[in-house]
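Asks: return atomic coordinates for the entry below.
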Amino acid sequence: MLSHTSKYAIRALIYLELYSNKEKKVGIKEISQKLDIPSPFLGKILQTLVKHNFLNSVKGPNGGFYLNRPAIDLTLMEVIEVIDGTDSFEECVIRNEACDHNNPCSMHSKMAPLWKEMRSVFVTETIADLVSEFKEDRDRIRI
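Replies: A predicted model of the protein is given here:
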């Protein structure tokens, strides 16, 4: 459902919430190594998140990234919208073009409720929610 890019962005935000702040920034090399994300790809993702004010970036020897907004205010849907857009919640699984209630494909009536439910989850879940789950059971959730 989610692209690797969105997954990487969400994982990076979780990592930054756990290990960075204004005083302790985290560099791209550390994030890349800890999360096993290719550094050039991660760099593009992080710059997109900076551009959309999810993160701050500081250059220099003590530079790195940290969250620009509280994790409780960062919904997963906001991240997905910035990284991939929301088309994946409405894409037809059969046709190359969009389908809807007026022009449905054979799967539309089955998929529409699922898309709606998934959208609802991503709109309500925040980075803070995922971080708290991670802190509660580090063995179960691996970023």
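
Asks: from here on, contacts and neighbour counts on C-alpha atoms
Replies: Will do.

Asks: which SS class is the residue of the chain most remote from its centre?
Replies: The centre of the chain is farthest from one residue, residue 102, which by CA atoms, centre = their mean lies 31.8 Å away. At residue 102 the chain is in coil, as set by DSSP: H, G, I helix; E, B strand; the rest coil.

Asks: who's in contact with it?
Replies: With CA atoms under 8 Å, 6 or more residues apart in numbering as the criterion, no residue contacts residue 102.

Asks: likewise for residue 6?
Replies: Contacts of residue 6 (CA under 8 Å, 6+ apart): 79, 80, 83, 84.

Asks: tell me the secondary structure for it?
Replies: Look at residue 6: counting by three-state DSSP, its state is helix.

Asks: how much space separates it from residue 15?
Replies: Going from residue 6 to residue 15 by CA to CA, to the nearest Å gives 14 Å.

Asks: tell me the SS of the closest residue in space to residue 91 that isn't next to it in sequence?
Replies: Distances taken as CA to CA, 6 or more residues apart in numbering place residue 98 nearest to residue 91, at 6.0 Å, with adjacent residues excluded. Following three-state DSSP, residue 98 is assigned to coil.

Asks: phi first, then psi, for residue 64.
Replies: phi 150, psi -160 (degrees, to the nearest 10).

Asks: residues near it, how many?
Replies: Per other CA atoms under 10 Å, the neighbour tally for residue 64 reads 20.

Asks: re earlier: including distance to residue 44, pLDDT and secondary structure, could the contacts of residue 6 go into JSON lines?
Replies: Formatted as JSON lines, the contacts of residue 6 follow (distance: CA to CA, whole Å; pLDDT from 0 to 100; DSSP: H, G, I helix; E, B strand; the rest coil):
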{"residue": "79", "distance to residue 44": "14", "pLDDT": "97", "secondary structure": "helix"}
{"residue": "80", "distance to residue 44": "15", "pLDDT": "95", "secondary structure": "helix"}
{"residue": "83", "distance to residue 44": "10", "pLDDT": "95", "secondary structure": "helix"}
{"residue": "84", "distance to residue 44": "13", "pLDDT": "91", "secondary structure": "coil"}
